[in-house]
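In: Could you work out the structure for the sequence below:
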Amino acid sequence: MPQEVYEKYSAQVLEETVPRAARFLNAIGAVPVIRTMMLQVGMTDEEVGEGGKLITACWSQLPSQRPEADTDEARSQREAVAELDQWDEPNFRRFSATLRRHHPSAGAYVFYNLQPGTGGEAVAAVGTFLKRIDALEKGSDPQREASKKDDKRAVELLAKRGLDKKERARLASLVELAMKPTVALPDSDAHVTERESARVAALTALKDWYEEWAEAARSIIKKRSYLIRMGLASRKVRKKDGG
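Out: Now for the predicted structure:
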């Protein structure tokens, strides 16, 4: 639940109010002396009843369950980026070494200003790599008209080394998946926020009631056992004797 929803009290304080108020009311109802003393500071049956109604209202306002802030498409996209991120560095090194030895001109063309990257940079690098391999295979770059035959042989050699058409198609699909837009989350925040606001209002009303009557109780009740039963004091922890 967004922190900004809680304007008067913190989220933790509000969530702790229901059990504290319930314990407070239970003690008043169970111990006649406490009930009598609270009546002396103005806690009538009507005031007790109000506290019970406020607690019930809070019970009826359960915390809203937000939809998972993710989609299958987004997860698939992240997986594609991660796979390309793992693929580019080792494979760029080995394919670059192969081309440098057997087809240096093609290697210089494919790896011109091309380095492995991370995340989106890896996606862009692999996409560029595949486009340049396609250009070598098809002979579609006018600047390499004179080396078409050698370029084609370079692509055939890379296929023997593992970069065949099937692998290139797989990588291309990963690049496409990593680049395409994903589905937006359902527009349910307005409904969730409305429910959250109702719950915060109920908890705040109970907290205001509790604070008023807790202070009234402290002003008149001095017996520590009564305050402990009402949740307004803690039992003292005895220190163990040393030695």
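
In: Would you mind giving the domain segments of the chain?
Out: If you go by automatic domain parsing, the domain ranges for the chain are 8-66+188-229, 72-179.

In: least reliable of these going by mean pLDDT?
Out: Within the domains of the chain, confidence is poorest for domain 8-66+188-229, with a mean of 86 (mean pLDDT).

In: And it, end to end?
Out: Start-to-end span of domain 8-66+188-229 (Cα to Cα, to the nearest Å) is 27 Å.

In: coming back round to it: how about the domains of the chain, which one is nearest residue 236?
Out: With Cβ to Cβ as the measure, domain 8-66+188-229 is the member of those nearest residue 236 (8.5 Å). (Glycine included, C-beta is placed from N, CA and C.)

In: what about that closest one, distance to the chain center?
Out: 32 Å (Cα atoms, centre = their mean, to the nearest Å).

In: quick one, which residue of the protein lies the farthest from its center?
Out: residue 146 (54.7 Å; Cα atoms, centre = their mean).

In: Let's verify that one: helix, strand, or coil?
Out: Classification of residue 146 by DSSP: H, G, I helix; E, B strand; the rest coil places it in helix.

In: Begin at 833 from now on, thanks
Out: With 833 as the first residue, the last one maps to residue 978.

In: pretty sure residue 948 contacts residue 956?
Out: No - in this structure residue 948 lies outside contact range of residue 956 using Cβ atoms under 8 Å: 10.6 Å.

In: any idea how far residue 1000 is from the nearest residue to residue 997 once chain neighbours are set aside?
Out: Closest residue to residue 997 apart from its sequence neighbours, by Cβ to Cβ, 6 or more residues apart in numbering: residue 991 at 7.1 Å. Noted for residue 991: a distance of 9 Å to residue 1000, by Cβ to Cβ, to the nearest Å.

In: do the same with residue 1055
Out: Residue 1055 sits 83 Å away from residue 1000, going by Cβ to Cβ.

In: which of those two has more neighbours?
Out: Under the criterion of other Cβ atoms under 10 Å, the comparison of residue 1055 against residue 1000 puts residue 1000 first, with 18 against 12.

In: Name the SS class of residue 994, please.
Out: Quick answer, by three-state DSSP: residue 994 is coil.

In: Quick check on it: phi, psi?
Out: Backbone torsions of residue 994, given as degrees, to the nearest 10, read phi 120, psi -10.

In: and it, how many neighbours does it have?
Out: If we define neighbours as other Cβ under 10 Å, then residue 994 has 11 of them.

In: Redo the domains of the chain as a markdown table? Include distance to residue 1067.
Out: Below are the domains of the chain laid out as a markdown table (distance: least, Cβ to Cβ, whole Å):
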| stretch | distance to residue 1067 |
| --- | --- |
| domain 840-898+1020-1061 | 6 |
| domain 904-1011 | 50 |
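
In: Count the residues that sit near residue 914.
Out: 14.
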